[in-house]
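In: Here is my input; please provide its structure:
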Amino acid sequence: MLVSINPFSEEIIKEYEAISENEIANKIELCANAQQEWKKKSIAERADFLNKTAEILISEKRKLAELASLEMGKLFVEAIAEIDKCAAVCRYYAKHTAQILQEEMIETEAQKSFVAFEPLGIVLAVMPWNFPFWQVFRFAAPALMAGNGALLKHASNVSACSLAIQEIFEKAGLPKNIFTSLLITSQQVETVIENPLVKAITLTGSEKAGANVASIAGKNLKKTVLELGGSDPFLILNDADINFAVKMAVKARLINCGQSCIAAKRFIVSNTVLNEFLDKTAGIFKTLKMGNPMDLETKIAPLAKLDLVNDLEAQVLQSIQKGAELIAGCNVPFGSGYFYEPTILANCVPGIAVFDEETFGPVMAVSSFSEIDEAIHLANRSQYGLGAAIFSKNEDVALSIAKQLETGCVFINEMTKSDPRLPFGGVKNSGYGRELAHYGMKEFVNIKTIYVA
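Out: Modelled structure (predicted):
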């Protein structure tokens, strides 16, 4: 049984019966058959469908944003922005796919030799709840434009969002069965991966989920792209514009109530501005209103699930016991809703939970440094390597640091974020492969060499 619970009221929204093994096999076969015709469509025809998808997203964004707020507790204003971003990625691939997949001529001794980019077949996406629309569209837009079929196994707590995405695609004119939302449990994912009609898998989620999926896919010799956890460092140098850095730090930590792989989590601050940073961030944290995510005055929404609150509280308390200094927060409010008070911990060093582990919620772990080499060491002292941010007025110094950070991306004087024009992904335990830009599209095509003697 798949259960959707409102994180604000804690009431059950709806329960969904997981489909049977026979139904899974049937839906996969229908997708494979439909994909054989879909891949014959011209890129221009596919682009027309994707542009229509973007139009529907914009015209229905209030309804879709409300659904995201209802199912996973996202602030309504953030949900609106998420739908806008989904429309943007659709338009990006509609516009650029012809160029991305253009045959690449290679000069050899042959009469003609070139590289062609062809669809693989069916791609399975195992997606998380934290960005219930964006996570799906950033995979689906390039996969479908490349001529693939797509199966979606969404998180069980956002099943209504999953079904809504399929409805949007079909309303835009995508032939039936090419994109299929599978209402299945995590235990049934193995059945889908092992089906010979499924050619590749992309997953965004936890390390454990990624390792399990990669293991099953590996046994079946299938391509995978994994975007896993993150504990992004946010470096503030002594010459940074401290007021701007504080503003961006608060935003980077609290976006989606901290429930983002690329949310800044470890704040590595120069000793010379540390006290000012702590005072100013604590002052902001204490003014933030918790409440109904549909209320435009609310700044802190509930976490998506009760277990997230419990896990976060345990990480904070363990860290305080090991020497972290509580600056603000550290309370689970009474009453309904899966809330956790925005919290700041200072003196966070390797060996304590909030430094070593990913914290999926509104908790800011602050460390300090005196020398640049120390800041780089702390930033890289992590099992994760998704993103990083550096704040400094000296661009040369910031660029030098950026090149030494073990992450998939670095943003200078800006918070880490994803953009359809730029590749997105991580290293170390944050996964492998890339999404977005032309790199993401080419993860799920057959890069075929053709040689004419």
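
In: So which residues of the stretch 301-450 of the chain form helices?
Out: Using DSSP state H, counting those that start in this stretch, the helices found in the stretch 301-450 of the chain span residues 306-321, 353-356, 372-380, 395-402, 437-442.

In: avg pLDDT for the second one?
Out: What it means is helix 353-356. For helix 353-356, mean pLDDT rounds to 98.

In: Kindly export it (C-alpha atoms) in PDB.
Out: This file holds the C-alpha atoms of helix 353-356, laid out as PDB (Å, rounded to 0.1, in the frame of the first residue of the first chain):
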ATOM      1  CA  ALA A 353      27.000  13.800  13.100                       C
ATOM      2  CA  VAL A 354      26.000  17.200  11.600                       C
ATOM      3  CA  PHE A 355      29.500  17.400   9.900                       C
ATOM      4  CA  ASP A 356      29.900  13.800   8.800                       C
END
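
In: distance between it and the chain's centre?
Out: 21 Å (C-alpha atoms, centre = their mean, to the nearest Å).

In: What of stretch 235-250?
Out: 24 Å.

In: Can I get that stretch in PDB, CA atoms only?
Out: Taking C-alpha atoms only, stretch 235-250 is exported to PDB below (Å, rounded to 0.1, in the frame of the first residue of the first chain):
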ATOM      1  CA  LEU A 235      32.900  28.800   2.400                       C
ATOM      2  CA  ILE A 236      32.900  32.400   3.600                       C
ATOM      3  CA  LEU A 237      36.300  34.000   3.300                       C
ATOM      4  CA  ASN A 238      37.500  37.000   5.400                       C
ATOM      5  CA  ASP A 239      36.900  39.400   2.500                       C
ATOM      6  CA  ALA A 240      33.400  38.300   1.700                       C
ATOM      7  CA  ASP A 241      30.500  40.800   1.700                       C
ATOM      8  CA  ILE A 242      29.200  39.500   5.100                       C
ATOM      9  CA  ASN A 243      25.700  40.800   4.800                       C
ATOM     10  CA  PHE A 244      25.300  39.200   1.300                       C
ATOM     11  CA  ALA A 245      26.900  36.000   2.500                       C
ATOM     12  CA  VAL A 246      24.500  35.800   5.400                       C
ATOM     13  CA  LYS A 247      21.500  36.400   3.200                       C
ATOM     14  CA  MET A 248      22.600  33.700   0.800                       C
ATOM     15  CA  ALA A 249      23.600  31.300   3.500                       C
ATOM     16  CA  VAL A 250      20.100  31.400   5.100                       C
END
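
In: and that stretch, what's its mean pLDDT?
Out: On average, stretch 235-250 scores 98.

In: Could you pull out the buried residues of it?
Out: 235-238, 240, 242, 245-246, 248-250 (16 or more other C-beta atoms under 10 Å). C-beta: built from backbone N, CA, C; applies to glycine.

In: measure Met1 to Gly431 for me?
Out: Distance, Met1 to Gly431, by C-beta to C-beta, to the nearest Å: 30 Å.

In: Look at those two and report which has more neighbours.
Out: Gly431 (27 against 8; other C-beta atoms under 10 Å).

In: Which pLDDT does the model give Ser181?
Out: 98.

In: got the phi/psi numbers for it?
Out: Dihedral pair for Ser181: phi -90, psi 120, per degrees, to the nearest 10.

In: so what's it up against?
Out: Ser181 is in contact with 152, 154, 162-163, 165-166, counting by C-beta atoms under 8 Å, 6 or more residues apart in numbering.

In: same question, Leu312
Out: 303, 340, 359-361, 363.

In: From Thr407, how far off is it?
Out: 23 Å.

In: Out of the contacts of Leu312, which is nearest to Asp48?
Out: Proximity of those to Asp48 (C-beta to C-beta) peaks at Phe360, which lies at 38.8 Å.

In: quick one, what contacts the closest residue in space to that closest one that isn't next to it in sequence?
Out: Leaving aside its chain neighbours, Phe360 sits nearest to Gln259 (5.3 Å; criterion: C-beta to C-beta, 6 or more residues apart in numbering). Neighbouring residues of Gln259 by C-beta under 8 Å, 6+ apart: 130, 303-304, 308, 360-361.

In: Could you do Ser319 as well?
Out: Per C-beta under 8 Å, 6+ apart, neighbours of Ser319: 345, 348, 352-355, 365.

In: can you pull out the strands in the stretch 1-150 of the chain?
Out: For the stretch 1-150 of the chain, strands defined by DSSP state E, counting those that start in this stretch occupy the ranges 2-5, 12-16, 104-105, 112-119, 122-126, 149-153.

In: Tabulate those strands (a markdown table), appending mean neighbour count.
Out: Shown next, in a markdown table, are those (neighbours: other C-beta atoms under 10 Å):
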| stretch | mean neighbour count |
| --- | --- |
| strand 2-5 | 18 |
| strand 12-16 | 13 |
| strand 104-105 | 11 |
| strand 112-119 | 16 |
| strand 122-126 | 26 |
| strand 149-153 | 25 |
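
In: Specify the stretch among those strands that is closest to Gly440.
Out: strand 122-126 (11.7 Å).

In: quick one: contacts of that closest one?
Out: 28, 31-32, 35, 136, 139-140, 143, 148-153, 189, 192-193, 197-205, 209, 213, 444.

In: Sheet-wise, list the partners of it with their directions.
Out: When pairs are called by DSSP bridges, strand 122-126 turns out to pair with strand 149-153 (parallel), strand 198-204 (parallel).

In: Just the CA coordinates for that strand, please, in CSV.
Out: Only the C-alpha atoms of strand 122-126 are listed here, as CSV (Å, rounded to 0.1, in the frame of the first residue of the first chain):
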residue,chain,number,x,y,z
ILE,A,122,13.2,2.3,-22.0
VAL,A,123,14.7,4.3,-19.1
LEU,A,124,13.5,3.7,-15.6
ALA,A,125,13.6,6.6,-13.2
VAL,A,126,13.5,6.1,-9.4
